[in-house]
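Asks: no letters, just coordinates:
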């Protein structure tokens, strides 16, 4: 690549951060970085905005570092807008003493490519600049394919609370700031993390996902950082660790609230220094990767209770994404159900393309304690057992306990009991009929009822006996 031109724009001439950045870039071992630092100093004939635009246009940099301070002469949002409007197209990296979640999201939305908080470290700054410049130099021919395979097309829904979080993903993907995804089990946290990765400049590098809760506490540090041969009893071969495996890409730490304290300390140090040591080795290794964390509990509450480090929480929670449970997205249930129906009909080669109104009604009323993952499992099972081109209510097999909880919401004890008995009665009659291949006489005998009474139950619950005969389970 040709020499990279980097422009440092100080919005506060008295801030030391710009000087620090200039020293870092100038002392870099790479000779391909040309550094220019300018403070915005307008005269009586030009505004701050005009001075900024003129500086950018005159230098035509490959990357711009916008240094923001409390006494900045121009708001960062306005500065980014003017830079973006200039003919010199270059990624803007905002450098600030501190940034709240709202400020970071706002600046990313108006065109910032990344956001760095001070103190600025060489091991953090240089890889970010090079990555953004390389991305801008490559033709944008793969983005559509990445989106289709790994990105937002896999995230289905129209619920406003859900979409308000999902719409942040393209902006979040552009920067390297920490992301903490919260939500109940099955809400799609890993899918969102994958979308962030595959829409980011790191998409050509590994996405490594690990469930912290599945790793014994005493092995967590070893899994993250690896070990050398002989580090402990039984360490006959070296292991590189997840950090090394994800180098250049993204490490997704699910259920991070289960990570033991000693591993939290080591992870925090790595996030700060981009350096780590393998167990049993004095050698320091460096890795450039992004960490996305997820939890199904209130991590801030875990901090207050002393179960999670406060400094690590703030490091991870730069940009929070909170995914609502499916019971708060009932308007999305039909859309999601049809999405999974299409997926599994194609996978199993089944000619089934729709749900009956009764099947949709059952799914919309259901509590979905397992969220989207549970809905997907229910639809997959329905597709497998369906012999028709329509999924009917008899194919929607739900958890009885959760179904009773949903049915009893807002009802008196008498009403809830009657509803539960009604549902149990229908499920029982269907089960007995299926076991007897739809034969009314045999099913009535198995239920210890006379044939006439059993037939009345079949009619009462509108059970399709012919379907039972052709599709016994």
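Replies: All right, it came through fine. Because the structure is predicted, anything quoted here is derived from the model rather than measured. Numbers count the residues shown, from 1 in each chain.

Asks: I figured residue 374 hits residue 368, correct?
Replies: Yes: with contact defined as Cβ atoms under 8 Å, residue 374 and residue 368 form a contacting pair (5.7 Å). From N, CA and C alone the C-beta is placed, and that goes for glycine too.

Asks: these two: who's more crowded?
Replies: Taking neighbours as other Cβ atoms under 10 Å, residue 374 and residue 368 compare with residue 368 leading, 26 against 19.

Asks: contacting residues for the closest residue to the more buried one other than its chain neighbours?
Replies: With Cβ to Cβ, 6 or more residues apart in numbering as the measure, residue 326 is the residue that lies nearest to residue 368, at 4.3 Å, once sequence neighbours are left out. With Cβ atoms under 8 Å, 6 or more residues apart in numbering as the criterion, the residues that contact residue 326 are 186, 187, 332, 333, 336, 368, 371, 372, 374, 375.

Asks: now do residue 262: how many residues are near it, please.
Replies: Residue 262 is surrounded by 12 other residues when neighbours are defined as other Cβ under 10 Å.

Asks: helix, strand or coil for it?
Replies: Put simply, residue 262 is helix when judged by DSSP: H, G, I helix; E, B strand; the rest coil.

Asks: next: residue 466.
Replies: Of the three states, residue 466 takes helix under three-state DSSP.

Asks: thought it was touching residue 438?
Replies: Yes: taking contacts as Cβ under 8 Å, residue 466 lies within contact range of residue 438: 7.0 Å.

Asks: between the two, point out the one with more neighbours.
Replies: When residue 466 is set against residue 438 and neighbours are counted by other Cβ under 10 Å, the residue ahead is residue 438, at 20 against 8.

Asks: could you measure from that one over to residue 192?
Replies: Between residue 438 and residue 192 the distance is 45 Å, computed by Cβ to Cβ, to the nearest Å.

Asks: residue 358 too?
Replies: Here the criterion is Cβ to Cβ. By it, residue 358 lies 32 Å from residue 192.

Asks: do residue 209 as well
Replies: When distances are taken as Cβ to Cβ, residue 209 and residue 192 turn out to be 12 Å apart.

Asks: more neighbours: which of those two?
Replies: residue 192 (26 against 17).

Asks: I'd say the more buried one and residue 323 touch.
Replies: Yes: in terms of Cβ under 8 Å, residue 192 counts as a neighbour of residue 323; the distance is 6.8 Å.

Asks: who touches both of these two?
Replies: Among the neighbours of residue 192, those also in contact with residue 323 (Cβ under 8 Å, 6+ apart) are 165, 181.

Asks: pick the one among the contacts of residue 326 closest to residue 19.
Replies: Out of those, the one with the shortest distance to residue 19 is residue 187. That distance is 45.4 Å, counting by Cβ to Cβ.

Asks: pop out the phi and psi values for the residue nearest to residue 368.
Replies: Taking degrees, to the nearest 10, you get phi -60, psi -30 for the backbone angles of residue 326.

Asks: how much space between it and residue 350?
Replies: Residue 326 sits 24 Å away from residue 350 when distances are taken as Cβ to Cβ.

Asks: same thing with residue 23?
Replies: 65 Å.

Asks: so between those two, which is more surrounded?
Replies: Just comparing residue 23 and residue 350: by other Cβ under 10 Å the higher neighbour count belongs to residue 350, 18 against 13.

Asks: can you pull the contacts of that one?
Replies: By Cβ under 8 Å, 6+ apart, the contact set of residue 350 is 344, 383, 384, 386.

Asks: ok, longest helix in the protein?
Replies: Looking only at the chain and at elements set by DSSP state H, the helix with the highest residue count is helix 413-435.

Asks: please, which helix or strand holds residue 210?
Replies: strand 207-211 (DSSP states H and E).

Asks: actually residue 454, not the one I wrote
Replies: Under the criterion of DSSP H and E, residue 454 resides in helix 451-460.

Asks: by contact count, what packs against that helix?
Replies: Counting contacts by 3 or more Cβ pairs under 8 Å, 6 or more residues apart in numbering; DSSP states H and E, helix 451-460 packs against helix 413-435, helix 440-446.

Asks: could you identify which of the ones you listed is most buried?
Replies: Using mean count of other Cβ atoms under 10 Å, the stretch among the helices and strands packed on helix 451-460 with the greatest mean number of neighbours is helix 440-446 (a mean of 17).

Asks: give me the distance from that helix to the chain's centre.
Replies: When distances are taken as Cα atoms, centre = their mean, to the nearest Å, helix 440-446 is centred 51 Å away from the chain's centroid.

Asks: what comes into contact with that helix?
Replies: Contacting residues not belonging to helix 440-446 are listed as 429, 432, 433, 435, 436, 450, 451, 453, 454, 455, 458, 465 [Cβ under 8 Å, 6+ apart].

Asks: which residue sits closest to the first one, ignoring its sequence neighbours?
Replies: Nearest-residue entry for residue 429: residue 457, 5.1 Å, with adjacent residues in sequence omitted and distances by Cβ to Cβ, 6+ apart.

Asks: number of residues surrounding that neighbour?
Replies: Taking other Cβ under 10 Å as the criterion, the count of residues near residue 457 is 19.

Asks: after the helix-or-strand element of the chain with minimal mean pLDDT comes which helix or strand?
Replies: The helix or strand with the lowest mean pLDDT-type score in the chain, counting by mean pLDDT, DSSP states H and E, is helix 143-150 (a mean of 47). Elements were assigned by DSSP H and E; along the chain past helix 143-150, the next helix or strand is helix 160-166.

Asks: so for that next one, mean pLDDT?
Replies: Within the predicted structure, the mean pLDDT of helix 160-166 is 88.

Asks: so what secondary structure elements neighbour the following helix or strand past it?
Replies: Scanning forward in sequence from helix 160-166 by DSSP H and E, the next helix or strand is helix 169-174. With contacts defined as 3+ Cβ pairs under 8 Å, 6+ apart, helix 169-174 has these neighbours: helix 101-109, helix 189-198, strand 319-322.

Asks: which of those sits most buried?
Replies: With neighbours defined as mean count of other Cβ under 10 Å, these peak in mean count at helix 189-198, which reaches a mean of 23.

Asks: same for that helix, what does it pack against?
Replies: Secondary-structure packing of helix 189-198 (3+ Cβ pairs under 8 Å, 6+ apart): helix 143-150, helix 169-174, strand 179-182, strand 207-211, strand 250-254, strand 290-295.

Asks: next, the angle strand 207-211 makes with it.
Replies: Here the directions of helix 189-198 and strand 207-211 differ by 160 degrees (axes from the mean of the first three to the mean of the last three Cα atoms, to 10 degrees).

Asks: pull the distance from helix 189-198 to the chain's centre.
Replies: Using Cα atoms, centre = their mean, the mean C-alpha position of helix 189-198 is found 4 Å from that of the whole chain.

Asks: state the distance from residue 217 to residue 223.
Replies: Distance check for residue 217 against residue 223: by Cβ to Cβ, it reads 11 Å.

Asks: of the two, which one has the most company?
Replies: residue 223 (18 against 13).
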